[in-house]
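K.L.:
Output the structure for:
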Amino acid sequence: MKAMMAMVAGLVMCAGAALADPVDGTWKTQVDDGHYAYIKIGSCGPKICGTIAKAFDANGPIQSENIGKKLVWDMVPDGKGNYGSGQIWQPSTGKVYKSKMSLSGGNTLKVSGCVAMFCKKQTWTRVN
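P.N.:
Residues are numbered from 1 along each chain as shown. Model prediction:
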């Protein structure tokens, strides 16, 4: 019976790993207004979300009221490394933009956000 339970647990863990999206993990943003962050990206149901895990300034890690807040949400994966129909929040301005992302080479994530015709872009790098 223990062997059967162990096998079932192993299968469940393998199935969970197989369902992980390639963008899942921690990403370093580019500097914005003197700060950057580590964003933990993962599934939010069928969509992809990202939460601020750590914040930094030029001197290193800082305490920020933004840690734990969602930065990216409602991203819809197309299965080919592209994500769209999402939203992204810019902490330095408080603005929310329509957003999309594109995974490149597994360790580079191109992120953009637009309001009307005004767009901003960043390239994030995978931390883990």
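
K.L.:
Can you name the residues bridging to the residue positioned nearest the centre of the chain?
P.N.:
Compute the mean C-alpha point of the chain, and by C-alpha atoms, centre = their mean the closest residue is I41, 3.0 Å away. When bridges are called by DSSP bridges, I41 pairs up with G25, G50.

K.L.:
mind listing what it touches?
P.N.:
I41 sits next to V23, D24, G25, T26, W27, I48, C49, G50, V72 when contact means C-beta atoms under 8 Å, 6 or more residues apart in numbering. C-betas here are computed from N, CA, C, even on glycine.

K.L.:
The closest residue to D24 other than its chain neighbours: neighbouring residues, count only.
P.N.:
Nearest non-adjacent residue to D24, counting by C-beta to C-beta, 6 or more residues apart in numbering: G42, 5.1 Å away. Number of residues near G42 (other C-beta atoms under 10 Å) recorded here: 14.

K.L.:
and G42, what pLDDT?
P.N.:
What the model reports for G42 is a pLDDT of 97.

K.L.:
Check S92 too.
P.N.:
Taking S92 on its own, its pLDDT is 89.

K.L.:
ok, now how distant is it from A58?
P.N.:
Using C-beta to C-beta, to the nearest Å, S92 is found at 15 Å from A58.

K.L.:
try M75
P.N.:
Using C-beta to C-beta, M75 is found at 29 Å from A58.

K.L.:
on that earlier part again, from the contacts of I41, keep the buried residues only.
P.N.:
Buried residues within these, counting neighbours by 16 or more other C-beta atoms under 10 Å: V23, G25, T26, W27, I48, C49, G50, V72.

K.L.:
Send me stretch 73-80 as PDB with only the CA atoms.
P.N.:
Coordinates of each C-alpha in stretch 73-80 appear next as PDB, following Å, rounded to 0.1, in the frame of the first residue of the first chain:
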ATOM      1  CA  TRP A  73      -1.900  39.700 -14.100                       C
ATOM      2  CA  ASP A  74      -4.400  38.100 -16.500                       C
ATOM      3  CA  MET A  75      -1.700  37.100 -19.100                       C
ATOM      4  CA  VAL A  76      -3.000  34.500 -21.500                       C
ATOM      5  CA  PRO A  77      -0.300  32.100 -22.800                       C
ATOM      6  CA  ASP A  78      -0.500  31.000 -26.400                       C
ATOM      7  CA  GLY A  79       1.700  27.900 -25.800                       C
ATOM      8  CA  LYS A  80       4.600  29.300 -28.000                       C
END
